[in-house]
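Chemist: Quick one, structure for this:
(6 chains)
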4 protein chains.
Amino acid sequence: MEVIAPTHSREALRTPAVRESAAARSRAATRGRLLSAGRNLFAQRGLHRVTTHDIARMAGVASGTFYLHFTDKRELFREIAHQSVAALQARIASANAGASDRAGAVRARTEALVAFVDENRELARILFSADTDAAAVESDVLNALAASIADTRRQQAAEGSVWTALDPAVLSQALVGMLARVLAWWVEDPTRASRETVVDTLTRIQLSGTHPV
Amino acid sequence: MEVIAPTHSREALRTPAVRESAAARSRAATRGRLLSAGRNLFAQRGLHRVTTHDIARMAGVASGTFYLHFTDKRELFREIAHQSVAALQARIASANAGASDRAGAVRARTEALVAFVDENRELARILFSADTDAAAVESDVLNALAASIADTRRQQAAEGSVWTALDPAVLSQALVGMLARVLAWWVEDPTRASRETVVDTLTRIQLSGTHPV
Amino acid sequence: MEVIAPTHSREALRTPAVRESAAARSRAATRGRLLSAGRNLFAQRGLHRVTTHDIARMAGVASGTFYLHFTDKRELFREIAHQSVAALQARIASANAGASDRAGAVRARTEALVAFVDENRELARILFSADTDAAAVESDVLNALAASIADTRRQQAAEGSVWTALDPAVLSQALVGMLARVLAWWVEDPTRASRETVVDTLTRIQLSGTHPV
Amino acid sequence: MEVIAPTHSREALRTPAVRESAAARSRAATRGRLLSAGRNLFAQRGLHRVTTHDIARMAGVASGTFYLHFTDKRELFREIAHQSVAALQARIASANAGASDRAGAVRARTEALVAFVDENRELARILFSADTDAAAVESDVLNALAASIADTRRQQAAEGSVWTALDPAVLSQALVGMLARVLAWWVEDPTRASRETVVDTLTRIQLSGTHPV
DNA sequence: GATGAATGAGTATTCATTCAT
DNA sequence: AATGAATGAATACTCATTCAT
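Modeler: The predicted structure is shown next:
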């Protein structure tokens, strides 16, 4: 019993809750460093030209530590992609909410998208650079976007607010492909076009391509 | 005299020209089998999930034989991509030549593109599936297409035949991204939309997005 | 009180310092086994008839482990050669220091050289067996020896203590070639001559060839 | 019968003997080209950094042809080495025959050796560059030379014409090692020393090292 | 929770050699 | 005698993943 005492007294200084949150904080910090390293490296080199050792090294942890936080490389990638998508969607939704008419909403959403890409080039490279392997993971991202566009479109068609000659599924894939390629192309070298030009061109294409003639 | 004939024919089998062409024919056949196996496998799994051993095995040759025909995997891929692009371009150019006006030309080119994809699904998967590694090789393909669209567009703008508010570089990337994504999406499962729907939707988008309002 | 002691000692096993040194010790042991296996195999078969798998197998480790310790086969070889040279040079320098006159020094150095070879036959085979590939790595060894002989010789010539008709560069190559070949020949089968005979003959040749007539 | 006639008449133009010698001449020419290519390539890169394809290519023949003339790479190497040695020995023997006294003979042999090396740098690189693999083949060369020196030496000792304190076997290895290294060193860059310096230094060393004091 | 040494299957590539033509 | 396409074993090197400490 006495033997345990000193141990107890040391533990008494930190309540279990505090101890747990300290451990949790440390764990979260390590996890965060791995995510950050992954973002950097995946953006630069793509999914399969990055090794788990590279990520652990850049995160400043031992290579085995990687597997205490992620089951494998793809999971880390998925996590990064999901975080990115969530951030992007929040940004777009908020921009959308402030718009009064349809044209304004399209422009606002496009502006939000381009601004996000401009401010998060690393993430953008991951989200929009097309990588077959990555796609196995992130295709959900663009597919989800396409699905949401298609839904909106179908609803608008039902309301008679858009020209129905355009197939919603095809159109949504077209829009997603267009946005992804332009953004991937622009983020690779932002001097290729001014941000205003990108926003304006993408907005006009969306409006002309989706509005009745 | 007649007797000499068979002798001649026997010798004919040994003339360098015939011998060479027999060997050359065998060589070409093997090369063709490797190209075919490569097309299959790359279409299914992408550039880096296919090994040179896989390709050799599917071609029914020893693994070393691969290297008698291609310096490495990328070269095989490049060859396949170039062949595909040449075939596709020929098809589009020929369709284009038969059109009388601009709208007809856009539709004809789109029809040719979709027909090619429909008839060469394997090739289409390679050409339009976005693979970062493959991109290092085939990006030329889409980039070349984009560049040619941008050039045409600039010329039309100079002639006043199209609305100039759309930046040619951005627009061309947008069109290429749109076409590539829609075709990749469609070829992955052609029941997703009828061929007519795909042609029609893509044609209308191109016309509305590139014509003056 | 006593109870705490073992606890302490258990904790001691987990302190970073101890953990690190345990890992480091294990790492060093593996590295040592690889070096030892390399010495054995290189001595028997030469640089390029030994594979990294052979070395790993003889060291009792997996083949990938080799690359955790050496970047490639040549690096392992270089390491072995450098260690051997350092040991040999130390031996010769120490023998040299104890000699009173020039003849004594030549004999002492030769004795040290022959003794080293006798005691380290594996290393000797590597150092003195002439291998073109190995030479790219170890030639420094014999060349360094030759250069040092040439320097000494030039200095002695300047002091008038040796006959100057012998070109220092040619002479030093001659001596190095002589020593290397005799030692390689002898170590291959030490019954070919007694150690005393080798020492004596080499000493006399050096003295007669370098002294004034 | 008639069938055979034309064949006969054609054959009649060349007697079997002539035909055979024509074929033999052609065969010998191919063999000679392979030997020549081998000499070039082995001298530049050593035994195992040269492929049989390299040799066939440089000889201007198909790769399979190599095996019609040599059972494998080592046999070609052996053949080249033997030819070289024979040429060298003839040269030395002839030089030796013209000498009147022992000192003159040593100088004459050394001059012949150095002249041969100077005139046949390719061969010299093969003969004197120490290559473990090559050694498995050519060691006979230097060993034969060493054996002949040792024999001569033993005979001279028996006649009392040389100092017997030097062990013949050790001495012969020493001389061979010395000559091989100096010549390999010199042929690698003949500006390192003048031919006269090389001859003179090697001659003096041999005389001082082998003569009574 | 973290470490980092070790694993070993996987992959590209080479090259001596064979053999049908 | 010559050809040259094909073979396939050999080999260096990588990297996701495990596990004892």
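Chemist: after the helix or strand of chain A with the lowest mean pLDDT, next one along is what?
Modeler: Using mean pLDDT, DSSP states H and E, the weakest-scoring helix or strand in chain A turns out to be helix A:4-12, at a mean of 42. Sequence order places helix A:16-45 as the next helix or strand after helix A:4-12, per DSSP states H and E.
Chemist: Check whether that following helix comes near chain C.
Modeler: No: between helix A:16-45 and chain C, judged by CB under 8 Å from any CB of the partner chain, nothing touches; the nearest distance is 15.5 Å. Heads up, the C-betas are built off the backbone N, CA and C, glycines and all.
Chemist: and the helix or strand just after that helix, what does it pack onto?
Modeler: Downstream of helix A:16-45, the next assigned helix or strand under DSSP H and E is helix A:52-59. Where contact means 3 or more CB pairs under 8 Å, 6 or more residues apart in numbering or on different chains; DSSP states H and E, helix A:52-59 is packed against helix A:16-45, helix A:66-69, helix A:73-97.
Chemist: which stretch in those has the least confidence?
Modeler: Among the helices and strands packed on helix A:52-59, helix A:16-45 carries the lowest mean pLDDT, a mean of 85.
Chemist: same for that one, what does it pack against?
Modeler: Checking 3+ CB pairs under 8 Å, 6+ apart, helix A:16-45 ends up next to helix A:52-59, helix A:66-69, helix A:73-97, helix A:121-128.
Chemist: quick one: which of the ones you listed is nearest residue D:148?
Modeler: Across the helices and strands packed on helix A:16-45, residue D:148 has its closest neighbour in helix A:52-59 (59.9 Å, CB to CB).
Chemist: does that closest one come close to DNA strand F?
Modeler: Yes: against DNA strand F, helix A:52-59 shows contacts by CB under 7 Å from any atom of the strand at A:52, A:53.
Chemist: What's the separation between the most centrally placed residue in chain A and residue A:35?
Modeler: In chain A, the residue lying closest to the centroid (CA atoms, centre = their mean) is residue A:84, at 2.1 Å. Per CB to CB, to the nearest Å, residue A:84 is found 11 Å from residue A:35.
Chemist: ditto for residue A:98
Modeler: 30 Å.
Chemist: now swap in residue A:62 and tell me
Modeler: Residue A:62 is 17 Å from residue A:35, by CB to CB.
Chemist: When these two are compared, which one has more neighbours?
Modeler: residue A:35 (18 against 11; other CB atoms under 10 Å in any protein chain shown).
Chemist: Surely that one touches residue A:79?
Modeler: Yes: with contact defined as CB atoms under 8 Å, residue A:35 reaches residue A:79; the gap is 6.6 Å.
Chemist: Please identify the residue of chain A positioned nearest to chain D.
Modeler: The nearest approach of chain A to chain D comes at residue A:49, 31.7 Å away (CB to the nearest CB).
Chemist: list the contacts for residue A:142?
Modeler: Neighbouring residues of residue A:142 by CB atoms under 8 Å, 6 or more residues apart in numbering or on different chains: A:176, A:180.
Chemist: what about it, which helix or strand?
Modeler: Counting by DSSP H and E, residue A:142 is found in helix A:132-159.
Chemist: Wondering if whichever helix or strand comes after that helix reaches chain B at all.
Modeler: Counting by DSSP H and E, the next helix or strand C-terminal to helix A:132-159 is helix A:168-188. Yes: counting by CB under 8 Å from any CB, chain B has neighbours in helix A:168-188: A:169-171, A:173-182, A:185-186.
Chemist: now stretch A:150-166
Modeler: Yes: using CB under 8 Å from any CB, stretch A:150-166 reaches chain B at A:165, A:166.
Chemist: for that stretch, what is the average pLDDT?
Modeler: Mean predicted confidence for stretch A:150-166 is 77.
Chemist: end to end, how far does that stretch reach?
Modeler: With CA to CA, to the nearest Å as the measure, stretch A:150-166 spans 11 Å from end to end.
Chemist: Flag every buried residue along it.
Modeler: Across stretch A:150-166, burial judged by 16 or more other CB atoms under 10 Å in any protein chain shown covers A:150, A:153, A:156, A:162, A:166.
Chemist: Relative to DNA strand E, which of those residues is nearest.
Modeler: Among the buried residues of stretch A:150-166, residue A:150 lies closest to DNA strand E (CB to the nearest atom of the strand), at 36.6 Å.
Chemist: From residue A:159, how far out is the closest one?
Modeler: 15 Å.
Chemist: Would you map out the domains in chain A?
Modeler: A:1-70, A:72-213 (automatic domain parsing).
Chemist: what's residue A:70 sitting at in phi/psi?
Modeler: Backbone torsions of residue A:70, given as degrees, to the nearest 10, read phi -140, psi 140.
Chemist: no, scratch that, I was asking about residue A:189
Modeler: phi -160, psi 90.
Chemist: neighbours around it, how many?
Modeler: 8.
Chemist: can you pull the contacts of the nearest residue to residue A:33 once chain neighbours are set aside?
Modeler: Closest residue to residue A:33 apart from its sequence neighbours, by CB to CB, 6 or more residues apart in numbering or on different chains: residue A:59 at 4.1 Å. For residue A:59, the contact set (CB under 8 Å, 6+ apart) comprises A:30, A:33, A:34, A:36, A:37, A:65.
Chemist: Next one: the residue lying closest to the fourth one once chain neighbours are set aside from residue D:193, what distance?
Modeler: Taking CB to CB, 6+ apart as the measure, residue A:36 lies nearest to residue A:59, with 7.2 Å between them; neighbours along the chain are not counted. Applying CB to CB, one obtains 59 Å for the distance of residue A:59 from residue D:193.
Chemist: same thing with residue A:173?
Modeler: 78 Å.
Chemist: Which one's more surrounded, those two?
Modeler: Between residue A:173 and residue D:193, counting by other CB under 10 Å, residue A:173 is the more crowded of the two (28 against 19).
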